Each structure stands twice: as structure tokens, then as C-alpha cells.
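Novice: Okay, structure incoming, though there's no sequence with it:
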């Protein structure tokens, strides 16, 4: 998120640089009263926004019904798990104080959003604690779920157009996240321009395949993510089988390991047919044994 200094430089640039960025939650708290009096505008089905002009900028307060349901479901699952875990820890009478603190820290790391909604008080001595739901914080979180504040120096006042710009920004950020995460694209310091272009081209092709697979999953295997499918595909290996002949020569056959039952079902759902291969047919377990570590 750009700092105030960076945004001021963008506004003062010649020609001016336009931006549409998110804002910290503290700013939403400060502008909450002013936003209450503004009317809602439909940006698209299920999404409505409020516009507030202030200090030479336009603030866009967005509310998405789908996002509310998603964030609320995530929060409920985290809180349910954390509450169950705290109940378990409260009954472990044999734990030392140090061991209890470590387990509480692990629970906090696993459910940080839910942890902020729980008040916890440790006993002065021993390994006991009390906990309760902070209802005030819960009401604040429920009021903010699925709602976020954007700021822009664009003169566009059409809510649908501003929402379209924001969706484009999210798509660009997601593309960079995919390149760095799922595709593990890393910088390589090339010395020649052609190699730089080739590197970019290969990364772009990988991203295109990633997006194509995601679209196929939406229609053919709903519920699966591209990341989970790539993890399943990683079980298929390409190996070279070396077969000695009686006259002292050696045959080398390229083979892929046979997919397991779960992967076969996934390939059928995606309508992907692997090329036929004659014997020998090798499983992933056999390949792991034959390949030296």
C-alpha cells in the first residue's frame, strides 16, 4: 500500500499519475460517520458502493454480498476451531506454565483472526487461564466483513467504472502472486537481451497455461483450485528406462509413471488423455525406489 508521501508525489506529478488503492482500517474508522450519510450506488449485481469526495480525492466504500459470506464463513470456522482448542487446553491439568504458553502461541499462529476476538487471562501462578468472547470486537468485525475502503484521484464518478478498475488491479496483483508462488518464477540475471525476452516469454506461457487450467476447472471440476491440481499432477514423473541388449548396446526408453486412481479420475474430469506408451509401465513408487537420492 503506497504511503501518503508517495501518493502526494503521484498527485503532483506532471503529467499526473492516477491511482486506485486500498486504505488502512484506521482511515475507514475516521470516515465512517461521513460515509453514513452518503447514498448507495449499484456497481454490479451483489456489489454496492458509496462515494465520498474529500481533500482532493474520491473515497470509494464498497460492500460485496459474496465477500461478506466468504469472510464470515472463514471467521466462523477459525473461531470454532480456536474455541475448541482453548477448551482442550483448559482441561490439560498436567501442563507446565511454559508448555501451556507454547501451545497457546501455536493456537494464536494458526487462527490469528479469531484470536483477536477472544480475551484471555492467565493465572498469576500455575498453568491455568480463563477465556471469553470479546463481543465488542466481534460486532466491529461483523460490521467490516466484506466491506473495504478505496481511495483514488480519478475524476470518474461512475461506480461501475471504478469497480471495473479495481477488479483489474486485483487481477494484476493476483497474476504477480501466481508467478511468484505457484509458478515459482525467480529473477535470473541474463547478459543478453534475447535471453531476457526468452525468459519473459517462458514465464508468460506458464502463466497462460495456469489461467487456462483454472478456466477448465471452473467448468469441469468445480471446487478444485489450480494449485491443488498442480500438486496432484506433480506425482507423475518422466523417467528414462535403460535396457541392456545381448550385443553390448543399451536401449533407452522414455516413460511416465502410471497415474494413481485419484489422478485418473481427475484426468477424466478434465478430459485429458495421456499418450499411450508400450511396456514397461512404471508406478511412482517404483520410480522412487529406482531413483537414487
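Specialist: Yep, that arrived. On a predicted model such as this, the values are computed, not experimentally measured, just so you know.
Novice: Check what pLDDT the residue in the chain sticking out farthest from the centre gets.
Specialist: Distance to the chain centre peaks in the chain at residue 247, reaching 56.8 Å (criterion: Cα atoms, centre = their mean). Looking at residue 247, its pLDDT is 85.
Novice: on contacts alone, who are the packing partners of the host helix or strand of residue 62?
Specialist: Residue 62 belongs to strand 57-64 when assigned by DSSP states H and E. Packing partners of strand 57-64 (3 or more Cβ pairs under 8 Å, 6 or more residues apart in numbering; DSSP states H and E): helix 25-36, strand 47-54, strand 147-152, helix 159-180. Heads up, the C-betas are built off the backbone N, CA and C, glycines and all.
Novice: right, and these - which one's nearest residue 94?
Specialist: Taking Cβ to Cβ, helix 25-36 is the member of the helices and strands packed on strand 57-64 nearest to residue 94, at 41.0 Å.
Novice: What residues of that closest one count as buried?
Specialist: For helix 25-36, the neighbour count (16 or more other Cβ atoms under 10 Å) marks 28, 31 as buried.
Novice: ok, now stretch 99-119?
Specialist: In terms of neighbour count (16+ other Cβ under 10 Å), stretch 99-119 has its buried residues at 100, 103, 104, 107, 111, 114, 115, 117, 118.
Novice: Equivalent analysis for stretch 36-50, please.
Specialist: When burial is assessed from 16+ other Cβ under 10 Å, stretch 36-50 yields the following buried residues: 41, 43, 47, 48, 49, 50.
Novice: Repeat that for stretch 66-82.
Specialist: Buried residues in stretch 66-82, counted by 16+ other Cβ under 10 Å: 67, 68, 71, 75, 78, 79, 82.
Novice: what do you get for stretch 133-152?
Specialist: Applying a neighbour-count criterion of 16+ other Cβ under 10 Å, one finds 141, 144, 145, 146, 148, 149, 150, 151, 152 buried in stretch 133-152.
Novice: Tell me the gap between the strand holding residue 62 and the middle of its chain.
Specialist: Remark: strand 57-64 is offset 23 Å from the chain centroid, using Cα atoms, centre = their mean, to the nearest Å.
Novice: Next, the angle strand 47-54 makes with that strand.
Specialist: Here strand 57-64 points in a direction 160 degrees away from that of strand 47-54 (axes from the mean of the first three to the mean of the last three Cα atoms, to 10 degrees).
Novice: So which residues of the stretch 1-150 of the chain form helices?
Specialist: Counting by DSSP state H, counting those that start in this stretch, the stretch 1-150 of the chain has helices at residues 4-12, 25-36, 65-90, 97-110, 112-115, 135-144.
Novice: So which other helices or strands are in contact with the second one?
Specialist: This means helix 25-36. In terms of contacts (3+ Cβ pairs under 8 Å, 6+ apart), helix 25-36 is packed against strand 47-54, strand 57-64, strand 147-152.
Novice: let's see 7 Å
Specialist: With contacts taken as 3 or more Cβ pairs under 7 Å, 6 or more residues apart in numbering; DSSP states H and E, helix 25-36 sits against strand 47-54.
Novice: what do you get for the third one?
Specialist: Secondary structure elements in contact with helix 65-90, counted by 3+ Cβ pairs under 7 Å, 6+ apart, are helix 97-110, helix 112-115.
Novice: now with 6 Å?
Specialist: Counting by 3 or more Cβ pairs under 6 Å, 6 or more residues apart in numbering; DSSP states H and E, the packing neighbours recorded for helix 65-90 are helix 112-115.
Novice: Can you pull out the low-pLDDT segments for this structure?
Specialist: Residue ranges of the chain with pLDDT under 70: 1, 290-293.
Novice: Cool, thanks, signing off.
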